[in-house]
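**Student:** quick one, what's the 3D model for this:
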Amino acid sequence: MLIRPIADADIPAAAALLRHAAEEFILHESTPQDAAAFLVDQGEAALRSRIASGYVYHVALVDGELAGFVGVRERSHVYSLYVDKRYQRRGIGRALWETARAAALDGASDHPGVFTVNASNYAVPSYLALGFERTAPMQVAIVRYNPMRFVPA
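**Tutor:** You can find the predicted model right below:
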């Protein structure tokens, strides 16, 4: 497995991975209208816009294929963390999280090490395993999500 910063050529595959994962694991809990809005807001153009505005993304490649990606906003909020279903339960999500966390903390002596995420119901067990904790009950917006926080020990 290779983890590296996202490249422009990775964006179509990352957007496709997100779409497939969202359709399978997240959007069944949303109305059709909300699901459509979510997919537009998470498509290629939106991903490019987020990168241009300073979100930091890394990808995981397995045998040259994009297996997952992570994106962090403002060095403290995990905005996206997706692993292709075929590659789940192999440590790729953890490796992406650790890479993103290290990148956010790199050279930032003032960073308290606290991170937040709005986890889908499907992803809550994974985030708990990474050391995040719930900070509020499940919320309902375009998608259902669970506010969570990571505080270093």
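
**Student:** V140 - how many residues pack around it?
**Tutor:** For V140, the neighbour count with other CB atoms under 10 Å is 10. In this view, the C-beta of every residue, glycine as well, is placed from N, C-alpha and C.

**Student:** shaky segments in the chain?
**Tutor:** Nowhere does the chain drop to pLDDT under 70.

**Student:** recalculate using a threshold of 90.
**Tutor:** 107-112, 141, 152-153 (pLDDT under 90).

**Student:** who's in contact with the helix or strand harbouring L18?
**Tutor:** Following DSSP states H and E, one finds L18 within helix 11-25. For helix 11-25, contacts defined as CB atoms under 8 Å, 6 or more residues apart in numbering pick out 6, 35, 38-39, 42-44, 47-48, 51, 57, 59, 66, 68-69, 80, 82-85, 120, 122-123.

**Student:** buried residues, that helix. List them.
**Tutor:** In terms of neighbour count (16 or more other CB atoms under 10 Å), helix 11-25 has its buried residues at I11, A13, A14, A15, L17, L18, R19, A21, A22.

**Student:** and for stretch 76-83?
**Tutor:** Residues of stretch 76-83 classed as buried: S76, V78, Y79, S80, L81, Y82, V83 (neighbour count, 16+ other CB under 10 Å).

**Student:** now go through these and say which are in strands.
**Tutor:** When the buried residues of stretch 76-83 are checked against strands (DSSP state E), the matches are V78, Y79, S80, L81, Y82, V83.

**Student:** quick one on the thing from earlier: how about JSON lines for the buried residues of helix 11-25, with distance to H28 added?
**Tutor:** Formatted as JSON lines, the buried residues of helix 11-25 follow (distance: CB to CB, whole Å):
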{"residue": "I11", "distance to H28": "26"}
{"residue": "A13", "distance to H28": "23"}
{"residue": "A14", "distance to H28": "22"}
{"residue": "A15", "distance to H28": "20"}
{"residue": "L17", "distance to H28": "18"}
{"residue": "L18", "distance to H28": "15"}
{"residue": "R19", "distance to H28": "14"}
{"residue": "A21", "distance to H28": "12"}
{"residue": "A22", "distance to H28": "10"}
